[in-house]
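Undergrad: I would like to see how this sequence folds:
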Amino acid sequence: QVQLVESGGGLVQAGGSLRLSCVASGRTFSIGAMGWFRQAPGKEREFITGISWTGGRTSYSDSVKGRFTISGDSAKSTVSLEMNSLPPEDTAVYYCAARTTAHLNYAYWGQGTQVTVSS
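TA: Now for the predicted structure:
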């Protein structure tokens with residue numbers, strides 16, 4: 001099993017920046033990639049970005065591309081999300097997630113951290 005703990009959420013004004021962090025523990029040797037999802041009120045959880053431990057390849061959803069940057073350290077099993085130019089529409093609960101090298105689906109989830117962008 002892998003356990004994930006996020007930190008860094010909070011309240012920020014529109015146009016501002018925020019940084020989220022996540023640390024994994026447990027069977028971290030099994031992790032193949034880590035990523036971030038978010039869920040806004042009344043909406044489904046959506047993938048926003050991920051980073052592969054193989055080659056450090058990153059991917060972003062169109063909604064955050066150019067504004068968010070993911071970084072990670074496979075040796076420390078940590079991942080961070082730098083969020084810039086935040087509009088109120090980015091308000092959501094942000095979840096850290098991890099998947100193993102053997103599976104494409106994210107199977108491990110953090111408890112989530114609230115990000116609120118005020119207008």
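
Undergrad: in the strand or helix carrying V5, what's buried?
TA: Using DSSP states H and E, V5 sits in strand 2-7. Neighbour counts over strand 2-7 (16 or more other CB atoms under 10 Å) mark V2, L4, E6 as buried. Backbone N, C-alpha and C define where each C-beta goes, glycine included.

Undergrad: do stretch 46-62 as well
TA: In stretch 46-62, counting by 16+ other CB under 10 Å, buried: F47, I48, T49, G50, I51, S52, W53, Y60.

Undergrad: now that stretch: mean pLDDT?
TA: Averaged across stretch 46-62, the pLDDT comes to 95.

Undergrad: mind exporting that stretch as PDB, just the C-alpha atoms?
TA: Provided in PDB are the C-alpha atoms of stretch 46-62 (Å, rounded to 0.1, in the frame of the first residue of the first chain):
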ATOM      1  CA  GLU A  46     -10.700  15.600 -13.100                       C
ATOM      2  CA  PHE A  47      -7.000  14.800 -13.900                       C
ATOM      3  CA  ILE A  48      -5.000  18.000 -14.200                       C
ATOM      4  CA  THR A  49      -1.300  16.900 -14.300                       C
ATOM      5  CA  GLY A  50       1.000  14.000 -13.800                       C
ATOM      6  CA  ILE A  51       4.700  13.100 -13.800                       C
ATOM      7  CA  SER A  52       6.200   9.800 -14.600                       C
ATOM      8  CA  TRP A  53       9.200   8.500 -12.700                       C
ATOM      9  CA  THR A  54      10.500   7.100 -15.900                       C
ATOM     10  CA  GLY A  55      12.200  10.000 -17.700                       C
ATOM     11  CA  GLY A  56      10.300  12.600 -15.700                       C
ATOM     12  CA  ARG A  57       7.700  13.000 -18.500                       C
ATOM     13  CA  THR A  58       4.900  15.300 -17.600                       C
ATOM     14  CA  SER A  59       1.300  15.900 -18.900                       C
ATOM     15  CA  TYR A  60      -1.200  18.600 -18.300                       C
ATOM     16  CA  SER A  61      -4.900  19.100 -18.900                       C
ATOM     17  CA  ASP A  62      -5.800  22.000 -21.200                       C
END
